[in-house]
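In: Please find the sequence and the predicted model below.
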Amino acid sequence: MFKQFKIVASAAAVAAVFAAPGAVMADEQFFPIPSYRVGPYGANGEAFYGGFVDYLNYVNMKNGGINGVKITWEECETEYNNAKGVECYERLKSKAKASAGPIHTMSTGISYALVDKSAQDKLPLAMMGYGRTDAVDGSVFPYAFPLITTYQMQASAIVKFIKDKEKGSLEGKKIVFLYHDSAYGKEPIVALEAESRLNKFNLVQIPVAHPGNEQGAQWLKIRQEKPDYVIFWGWGVMNQTALKAAQKVGFPRDKIIGSWWAGSEEDTVPAGDAAKGYMSATWNVAGKNVPLITDIEKVVYGAGQGNVKDKSKLGTILYNRGVSAAVVSVEAIYKAQEKYGKGKGMNGEQVRWGLENLNVTDARLKALGATGLLPEVKTSCSNHEGSGKVKIQQWDGAKWVPVSDWIEGNKSLIHPLFEASAKQYAKEKGITPRDCSKEK
Amino acid sequence: MFYREAGQFKTSYGADQQILPIRQDRIGMVVLLAVAFLGVPLFASEYWFSAILIPFLIFALAALGLNILTGYAGQLSLGSAAFMAVGAYAAYNFQLRVEGMPILVSFLLGGVTAAGVGILFGLPSLRIKGFYLAVATLAAQFFIVWCLTKFPWLSNNSSSGVISAQKIIIFGHEFSTPQEKYLLVLGIVVVLALAAKNLVRGNVGRSWMAVRDMDVAAEVIGFRIMRTKLTAFAVSSFYCGVAGALYAFCYLGSVEPDGFSLELSFKILFMIIIGGVGSILGSFIGAAFILLLPVFLDVLLPAVSRVLSLPVDGASISHIQTMIFGALIMFFLIVEPHGLARLWQIAKEKLRLWPFPH
């Protein structure tokens, strides 16, 4: 008996693995989602992907899909691990043949690994605010979209914000760049160096080793240097540690400006008192005073279909970021349908065109109920970023409060850096860049 | 019955010394290779190639490397991922900086560079042993990753330290599809596995095993300890280096130094422990177990939860998967502390006598 059961069970198991999932029907719009909700950054992923899925669900429930095309999706757990991310991508790929929404990995490492693969498979890869930043140059990277803003543009915007605070001049000032010693943390260095030459401020770079829960030495150095500002590029557990360490050495928190990965409730709440006054950049606002967020709560959670178990996460920075990522993705599909036929599922190539011709205006955002949630986005072949704007927000001890309007980084300084880097990439890989003037 | 050797006579030294002395094994191996080289490319899907078979072969190669060092020569090491990183970055740089360098030579030189670095970090093994040596090889793990982030030249001044592998072109043919990459990896792994098998059967391997079993005795009977230990480090790092180059070029396509973390070293160590320390076959079985079982469970568990209509979400499935995986590791180590390769060996012995055990 037991033996028979074993045979049946193992046969079933083998069949389950071999039975490759069939292609999705054409009148559906499939979203492959390589997400992470466990692992070292699980808390961040939970809120982000929760918001993302909630919005997809919301579009289905409220509008019956995208022009009647029902949205479907499948998640695969990557645990923020590159190899697992690739495995997930390969697994979801076969389902994404008929129709594929933009893939959001929320991980620079995974998106780096997928840049070439996704271009080969003709699946659009969205890297909103992270990933390969020189993919802004769409002539070399047709399938990669670092939407809204990149690390470099963000760093430049932060410098602009500080400059405004200092009444228009940074000459002779000292700014410390405290960063996570990884691909993510090192990206903005070129931009900051260019800014420091342009604005004649003194830039001191201090790396923190992963995961960053030991920063005593770094903050002692900061105390010695007595900088005017600290630009902070942290991630995960490193952020709260930095705020506590700053408090310990008595460095004013309202002189610390973090990147958007260092500006969520997950970072400030555990730091408690030490976080008060801390500022960070963000490309979406927090809170529930955006009509769309309250409407999602009403429609999706009202029907008991919510994706996030802990409802207090609704309206947090990362939740709203997931919603904005989904908004942009869905808008790209609307755009693609305008060209390739309404009421049909769009395949990767078509969605790619949609992403490249996005024009999400303030009026459109208002119609969606997302006024002020994210900046206007207008992409083109030569500009896959589409915005380059961030807001600066400040933690008042209980919530994030925006303290600036949308600030655009110094595009004329930063974008040539991307082009140079993209050109080098094209040379290394033997890619012939598209001629953007011929694209429509 | 299946392994009846009756009638198989060895009439020459050559016949006595061959790798697979039993005819059934030889036939089995030929069938296996035929399936791997001809059958699999015909039937496997892209997902199988890119997400399962290629990483399996690459990790089997890395495990083989570590098995040579730890299993055969008895030198505990926690630096395998670092040597993989050396191989990956070296192959990338050779390909980038030397005009017209054939890619296979780049892989080879990546392995040779890793071997050089391996010898360097193997030097402490002349003075210290066991756990202490493991801690010393940890230094390689941290130093190399630090080094690769610290010196931008190594990653061609990429702002983030990430390298993106070049195209694989051999004799004018570009290996771009998953099938082609799989065949390339398979070819390299088969050649290197065969080389390893022969190495451990020959006098080099015997000197490694002598040093592993008792180094003082080995020295007394005339093995040169220094040379033996350092060749073990060199050969092992060479294998890891080639695995790293393949990892970068044929699997991920782009790698960052942080990807070669201590976690990866541990993974490779677990592979040889589960698979079987001191066994070539064990490296393959171990890699399969550590790599494929989580994927398998990942696919199986949601299906099971759907069938039983249990409301289990993705996160809890991941947790359950980790628990089952851990439990299975414990189970196998209790049932067979010498690894899965030993289980296979026992099965073979049983099959020889079957159906009349004595």
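Out: Cool, the structure landed. None of these values were measured; they are calculated from a predicted model.
In: Helices of the stretch 151-300 of chain A, start to end?
Out: Taking DSSP state H, counting those that start in this stretch as the criterion, the stretch 151-300 of chain A carries its helices at A:151-165, A:183-186, A:189-199, A:216-225, A:237-249, A:265-271, A:291-296.
In: Any idea how far the longest one is from the middle of the chain?
Out: Same thing as helix A:151-165. Distance of helix A:151-165 from its chain centroid, counting by CA atoms, centre = their mean, to the nearest Å, is 18 Å.
In: swap in the last one?
Out: The chain centroid and the centroid of helix A:291-296 are separated by 21 Å under CA atoms, centre = their mean.
In: So which bits of it are buried?
Out: Using 16 or more other CB atoms under 10 Å in any protein chain shown as the burial criterion, the residues of helix A:291-296 that qualify are A:Leu292, A:Ile293, A:Asp295, A:Ile296. (Each C-beta comes from the backbone N, C-alpha and C, glycine too.)
In: ranges for the strands of the stretch 251-358 of chain B?
Out: Residue ranges of the strands in the stretch 251-358 of chain B, as given by DSSP state E, counting those that start in this stretch, are B:254-255.
In: Report the contact partners of A:Lys429.
Out: A:Lys429 makes contacts with A:Asp116, B:Ser164, B:Gln166, B:Lys167, as judged by CB atoms under 8 Å, 6 or more residues apart in numbering or on different chains.
In: Report the contact partners of B:Tyr89.
Out: Contacts of B:Tyr89 were listed using CB under 8 Å, 6+ apart, and they are B:Gly110, B:Leu148, B:Leu154, B:Ser155, B:Ile163, B:Ala248.
In: Local confidence estimate at the closest residue in space to B:Glu46 that isn't next to it in sequence?
Out: The shortest distance from B:Glu46 to any residue other than its chain neighbours is 5.1 Å, reached at B:Pro178 (CB to CB, 6 or more residues apart in numbering or on different chains). According to the per-residue confidence, B:Pro178 scores 88 in pLDDT.
In: try B:Tyr13
Out: 89.
In: In JSON lines: the contacts of A:Lys429, plus secondary structure, pLDDT and distance to A:Tyr229.
Out: Formatted as JSON lines, the entries for the contacts of A:Lys429 read as follows, by DSSP: H, G, I helix; E, B strand; the rest coil; pLDDT from 0 to 100; distance: CB to CB, whole Å:
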{"residue": "A:Asp116", "secondary structure": "helix", "pLDDT": "85", "distance to A:Tyr229": "38"}
{"residue": "B:Ser164", "secondary structure": "strand", "pLDDT": "84", "distance to A:Tyr229": "34"}
{"residue": "B:Gln166", "secondary structure": "coil", "pLDDT": "85", "distance to A:Tyr229": "41"}
{"residue": "B:Lys167", "secondary structure": "coil", "pLDDT": "86", "distance to A:Tyr229": "44"}
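In: The residue nearest to B:Glu46 reaches B:Ala51, doesn't it?
Out: No. The pair B:Pro178 / B:Ala51 is not scored as a contact, 9.2 Å apart, by CB atoms under 8 Å.
In: residues from chain B in reach of chain A?
Out: With CB under 8 Å from any CB of the partner chain as the criterion, chain B comes near chain A at residues B:45-47, B:50-52, B:55, B:96, B:149, B:156, B:159-162, B:164, B:166-167, B:176, B:251-256, B:258-259, B:295-296, B:298-300, B:303, B:314-315, B:317-319.
In: Make a ChimeraX selection of whichever of the residues you listed turn out to be buried.
Out: To isolate in ChimeraX the members of these that are buried, counting by 16+ other CB under 10 Å, one can use:
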select /B:47,50,51,52,55,149,159,160,161,162,164,166,251,252,253,254,255,256,258,259,295,296,298,299,300,314,315,317,318
